[in-house]
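Chemist: The sequence and its predicted three-dimensional model are supplied below.
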Amino acid sequence: MSGRRDQHALFLVIVGMSVVFVVFGLIVDPVDEIVHGLGDIVFARDLVITDFVGVGGLGGAFVQAGLVTLVACAVYRVTGAPVDGAAVACLLLVLGTALYGKTLLNIWPIVAGVALYARVRGDRLADHVSTAFFATALSPIFSVLAFRTALPVWAGVLLGAATSVLVGFVVPPVAQRLFHAHAGFTLYNMGFVAGVVGAVVIAVYQAFGLGPQPEMVWTSGHDTPLLILLAVLLLGMLAAAFACDRTPWRGYPRLLRRTGRAPADFIDSDGAATVLLNMAVIGALATGYVLVIGADLNGPVVAGILSVIGFGACGKHALNIVPVMAGVALAGLLKPFELTDPGLIWAALYGTCLAPIAGRFGPHWGVVAGFFQASTAQVTGAVVAGLNLYGNGFAAGFVAAVVAPVAAFLAKPRRAADEPEEPVPAA
């Protein structure tokens with residue numbers, strides 16, 4: 001298949017997954033409850049961790065997430081933005097995080113800010129669409145300022161919109177600069193960027209007494225329907241892989257030899273069929289991990305699994321994520337944590353953004369990275385008061401910036417068969 005056809009195939013799969021979310025929501029709850037739940041979600045105080053299942057019901061949360069992603073897909077289509085590996089990761093990240101932070105309302109000021117940046121630079125908007133939707137990691141800023149401060153609602157909305165547009169405007173240049181801090185050894189560069197920018201925003205508003213306090217909504221009791229949903233999604237991806245190529249496994253060994261270091265695009269290098277197979281495999285691994293440790297399936301956990309699946313198009317595969325998850329699990333066993341603690345579940349799922357370290361320097365370094373991620377993620381969340389939806393990406397930026405240079409010094413980097421050796425910046 002040509003590159004364009006491969007991208008189109010992945011785009012259709014994401015649209016299909018979003019539709020499945022909407023249909024799932026309509027099946028599990030009555031329409032009137034869903035409508036009421038959507039209103040509760042849109043006006044929720046979107047602090048990490050706020051499971052929208054506990055805010056708007058199971059049906060409302062999944063319908064909302066599906067609609068947000070379908071709208072994002074429409075933006076890609078209207079602007080002509082490419083649906084490359086990064087876009088696939090971005091859209092599935094939107095699908096997941098719309099279960100606990102992004103809403104049909106709060107994403108648009110950030111997107112507008114990035115669009116303004118593109119216009120000022122004279123760039124095509126299509127070249128910045130993925131950046132815009134990645135940047136919606138900070139979309140809770142709008143919800144908090146608009147709906148949960150002592151200000152009148154109109155003033156809060158204006159303040160939230162203005163702040164979010166400004167955040168969207170500054171994120172692209174900051175993202176380009178901060179990428180060099182970790183040299184591509186974390187796949188969640190925007191999580192690192194959102195953490196830095198969010199810390200500045202929070203510091204300013206806390207000085208004026210407007211800083212929010214984190215709250216948690218973490219639901220349980222929905223394991224069976226959510227496991228069925230995940231099974232449908234994974235089987236759908238597997239079926240799509242075979243629809244693209246009758247033997248999608250032929251290219252898989254080659255993909256497994258890749259380090260995954262950003263920027264990587266498995267769609268371009270390996271094709272849609274192999275990428276879909278990879279996404280299904282690592283999605284099953286992530287789901288299996290959650291089941292083995294006995295954790296509840298809910299909105300945030302499903303979101304973490306979707307993040308693993310999405311980045312299967314641009315960096316993650318079975319061999320480079322398992323060591324990181326093992327490192328997080330090891331930390332949970334050796335430290336005063338429970339493997340089923342929300343923070344440790346997210347560290348194991350979202351922490352797989354450190355997969356390139358395992359891919360480049362060996363699985364033992366992936367274990368080291370995962371071990372440090374488990375602790376670092378517990379601390380960095382407080383810095384942004386729960387307003388960065390990619391909190392583990394923020395933590396991973398620091399872990400990668402420390403572990404990768406040390407690993408480069410102590411170990412001979414593993415070179416992928418088809419990738420040139422690249423220097424690792426000194427610490």
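Modeler: All right, it came through fine.
Chemist: In which helix or strand does R254 reside?
Modeler: Per DSSP states H and E: R254 is located in helix 252-256.
Chemist: Can you list the buried residues in that helix?
Modeler: Buried residues in helix 252-256, defined by neighbour count with 16 or more other CB atoms under 10 Å: Y252, L255, L256. Just so you know, the C-beta spots here come from the backbone N, C-alpha and C atoms, and that holds for glycine as well.
Chemist: hang on, isn't the last one packed against I321?
Modeler: Translated: L256. No - at 11.2 Å, L256 does not count as touching I321 under the criterion of CB atoms under 8 Å.
Chemist: still on that earlier bit, tell me the helix or strand right after the helix holding R254.
Modeler: helix 266-270.
Chemist: now that next one, how far from the centre of its chain.
Modeler: 20 Å (CA atoms, centre = their mean, to the nearest Å).
Chemist: Dump the following helix or strand past that helix to PDB, restricted to CA.
Modeler: Remark: after helix 266-270, the chain's next helix or strand is helix 272-293, criterion DSSP H and E. This file holds the C-alpha atoms of helix 272-293, laid out as PDB (Å, rounded to 0.1, in the frame of the first residue of the first chain):
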ATOM      1  CA  ALA A 272      -0.500   0.100   8.000                       C
ATOM      2  CA  ALA A 273      -0.900  -3.600   8.400                       C
ATOM      3  CA  THR A 274       2.200  -4.100  10.600                       C
ATOM      4  CA  VAL A 275       1.300  -1.000  12.600                       C
ATOM      5  CA  LEU A 276      -2.200  -2.200  13.300                       C
ATOM      6  CA  LEU A 277      -0.900  -5.600  14.300                       C
ATOM      7  CA  ASN A 278       1.600  -3.900  16.700                       C
ATOM      8  CA  MET A 279      -1.100  -1.700  18.200                       C
ATOM      9  CA  ALA A 280      -3.300  -4.700  18.800                       C
ATOM     10  CA  VAL A 281      -0.400  -6.700  20.400                       C
ATOM     11  CA  ILE A 282       0.700  -3.900  22.800                       C
ATOM     12  CA  GLY A 283      -2.900  -3.000  23.600                       C
ATOM     13  CA  ALA A 284      -3.400  -6.600  24.700                       C
ATOM     14  CA  LEU A 285      -0.200  -6.500  26.800                       C
ATOM     15  CA  ALA A 286      -1.300  -3.300  28.500                       C
ATOM     16  CA  THR A 287      -4.800  -4.700  29.200                       C
ATOM     17  CA  GLY A 288      -3.200  -7.900  30.400                       C
ATOM     18  CA  TYR A 289      -1.000  -6.000  32.900                       C
ATOM     19  CA  VAL A 290      -4.000  -4.200  34.300                       C
ATOM     20  CA  LEU A 291      -5.900  -7.500  34.700                       C
ATOM     21  CA  VAL A 292      -2.900  -9.400  36.300                       C
ATOM     22  CA  ILE A 293      -2.400  -6.800  39.000                       C
END
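Chemist: Would you mark the buried spots in helix 272-293?
Modeler: Buried residues in helix 272-293 (16+ other CB under 10 Å): 272-287, 289-290.
Chemist: From the contact counts, what lies against that helix?
Modeler: Judged by 3 or more CB pairs under 8 Å, 6 or more residues apart in numbering; DSSP states H and E, helix 272-293 is in contact with helix 3-28, helix 223-244, helix 252-256, helix 266-270, helix 299-310, helix 318-334, helix 342-350.
Chemist: Please give the centre-to-centre distance between it and its chain.
Modeler: 15 Å.
Chemist: now the angle between helix 223-244 and that helix, please.
Modeler: 160 degrees (axes from the mean of the first three to the mean of the last three CA atoms, to 10 degrees).
Chemist: any idea of the angle helix 272-293 forms with helix 299-310?
Modeler: 150 degrees.
Chemist: Could you state which residue of this protein sits nearest its centroid?
Modeler: Centre of the chain computed as the mean C-alpha position; nearest residue by CA atoms, centre = their mean is L93, 3.9 Å away.
Chemist: and after the helix or strand harbouring that one, which helix or strand comes next?
Modeler: Element membership for L93, per DSSP H and E: helix 85-97. Using DSSP H and E, the helix or strand that follows helix 85-97 towards the C-terminus is helix 108-121.
Chemist: In that next one, which residues are buried?
Modeler: Buried-residue list, helix 108-121, by 16+ other CB under 10 Å: W108, P109, I110, V111, A112, G113, V114, A115, Y117, A118.
Chemist: show me the contacts for the third one.
Modeler: Read it as I110. A132, A135, T136, L138, S139, F142, S164, V165, V167, G168, V171 (CB atoms under 8 Å, 6 or more residues apart in numbering).
Chemist: any idea how far it is from A313?
Modeler: Look at I110 and A313: by CB to CB, to the nearest Å, they are 23 Å apart.
Chemist: tell me what the helix or strand F409 falls within is packed against?
Modeler: Assigned by DSSP H and E, F409 belongs to helix 391-410. Applying 3+ CB pairs under 8 Å, 6+ apart, one finds that helix 391-410 contacts helix 153-182, helix 189-207, helix 342-350, helix 355-361, helix 363-383.
Chemist: For the lowest-mean-pLDDT helix or strand in the chain, buried residues please.
Modeler: Using mean pLDDT, DSSP states H and E, the weakest-scoring helix or strand in the chain turns out to be helix 189-207, at a mean of 83. By 16+ other CB under 10 Å, the buried positions in helix 189-207 come out as 189-199, 201-202, 205.
Chemist: what does that helix rub up against?
Modeler: Counting by CB under 8 Å, 6+ apart, 131, 134-135, 137-138, 141, 145, 163, 167, 170-171, 174-175, 178-179, 181-182, 186, 211, 262, 350, 353, 380, 383-385, 387-398 sit against helix 189-207.
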